[in-house]
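Student: this one's sequence-less:
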């Protein structure tokens with residue numbers, strides 16, 4: 001019995017050490033193939049990188065540098081960030097370093113962001129100084145060598161008024177960026193693709209059972225992918241940690257989507 005207890009204590013200790021000091025520093029790249037007959041031919045093969053919840057703190061750029069390296073090597077057309085850049089306060093020197101790192105993200109076409117619940121006007125300024133276009137319940141039309149654009153809308157209170165309506169310009173494929181995945185049920189339009197963050201995958205996950213710590217705004221949608229009719233929700237589990245400062249069975253990750261016309 002004593003031996004069993006000692007082994008159990010050792011396993012718990014090693015699991016804690018791994019979850020606290022090792023897994024949060026690793027990076028996983030999830031890749032998804034999406035097809036849609038609504039996507040314009042000029043966007044056929046569109047490659048999107050989606051990252052979220054950096055939750056940067058204490059001069060820790062190592063994981064962000066890894067992430068940016070993966071983004072640069074992916075040769076993406078568009079990069080989307082779905083909120084929560086910083087955890088806590090940072091000084092001016094750290095802000096400048098963060099801007100420098102984020103400026104290295106240079107997709108072929110566009111990079112857009114929405115703010116998370118931990119983000120404020122300072123974060124918005126950092127993102128804008130890093131050449132991200134920040135969407136605040138607004139939208140934009142994205143073109144790529146063709147007359148038909150796709151629509152990108154971003155924010156956590158998207159309504160019909162958030163959508164652009166320009167005379168003589170039509171669009172069929174719509175993407176929504178929202179920080180909270182549970183907003184998937186509240187969107188007033190049929191978005192072909194919805195991208196979210198916030199959940200952190202529960203930080204600690206139990207195989208076959210999923211997220212352990214469910215956050216407000218991510219109570220329902222805590223896995224990577226959901227489909228409702230022809231609408232898809234993909235959730236980024238993000239890079240950082242929050243309450244536990246741990247990750248277990250839940251590596252920091254970014255998502256890559258390749259979208260093709262049917």
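Tutor: Perfect, thanks for sending it. From a predicted model like this one, the values you see are computed outputs, not experimental measurements.
Student: beta partners of residue 227?
Tutor: residue 232 (DSSP bridges).
Student: how about residues contacting stretch 137-148?
Tutor: 40-43, 46, 77-78, 109-110, 112, 133, 149-159, 162-164, 166, 169-172 (C-beta atoms under 8 Å, 6 or more residues apart in numbering). For every residue, glycine as well, the C-beta is placed using N, CA and C.
Student: make it 6 Å
Tutor: Identification of contacts with stretch 137-148 by C-beta atoms under 6 Å, 6 or more residues apart in numbering yields 40, 42-43, 110, 149-153, 155, 157-158, 162-164.
Student: so who does residue 64 touch?
Tutor: Applying C-beta under 6 Å, 6+ apart, the residues contacting residue 64 are residue 101.
Student: what comes up buried for the strand or helix carrying it?
Tutor: Under the criterion of DSSP states H and E, residue 64 resides in helix 62-74. Residues 63-64, 66-68, 70-71, 74 are the ones in helix 62-74 that count as buried (16 or more other C-beta atoms under 10 Å).
Student: likewise for stretch 250-262?
Tutor: With the criterion 16+ other C-beta under 10 Å, stretch 250-262 contains buried residues 250-257, 259, 261.
Student: tell me which helix or strand comes right after the helix holding residue 64.
Tutor: Defined by DSSP H and E, the subsequent element after helix 62-74 is strand 78-81.
Student: residues touching the helix or strand just after that next one, excluding its own?
Tutor: Downstream of strand 78-81, the next assigned helix or strand under DSSP H and E is helix 92-103. Applying C-beta under 6 Å, 6+ apart, the contact partners of helix 92-103 are 64, 126, 129-130.
Student: quick revisit: identify the farthest-apart pair in the contacts of stretch 137-148.
Tutor: With C-beta to C-beta as the measure, no two of these lie farther apart than 42 and 157, at 30.6 Å.
Student: so the two - more neighbours on which side?
Tutor: residue 42 (15 against 10; other C-beta atoms under 10 Å).
Student: excluding its backbone neighbours, what's nearest that one?
Tutor: residue 146 (2.8 Å; C-beta to C-beta, 6 or more residues apart in numbering).
Student: can you check residue 40 too?
Tutor: residue 148 (4.2 Å).
Student: next, count neighbours for that neighbour.
Tutor: 17.
Student: from residue 134, how far out is it?
Tutor: 25 Å (C-beta to C-beta, to the nearest Å).
Student: lowest confidence element among the helices and strands of this protein?
Tutor: helix 2-17 (a mean of 69; mean pLDDT, DSSP states H and E).
Student: what does whichever helix or strand comes after it contact?
Tutor: Next in sequence after helix 2-17, counting helices and strands by DSSP H and E, comes strand 28-36. Contacts to strand 28-36, defined as C-beta under 6 Å, 6+ apart, come from residues 70, 192, 251, 253-260, 262.
Student: any idea how far the helix or strand just after strand 28-36 is from the chain center?
Tutor: Using DSSP H and E, the helix or strand that follows strand 28-36 in sequence is strand 46-51. Centroid separation for strand 46-51 versus its chain: 10 Å, with C-alpha atoms, centre = their mean, to the nearest Å.
Student: check which helices and strands strand 46-51 sits against.
Tutor: strand 78-81, strand 253-261 (3 or more C-beta pairs under 6 Å, 6 or more residues apart in numbering; DSSP states H and E).
Student: and residue 243, which of these is closest to it?
Tutor: Taking C-beta to C-beta, strand 253-261 is the member of the helices and strands packed on strand 46-51 nearest to residue 243, at 18.8 Å.
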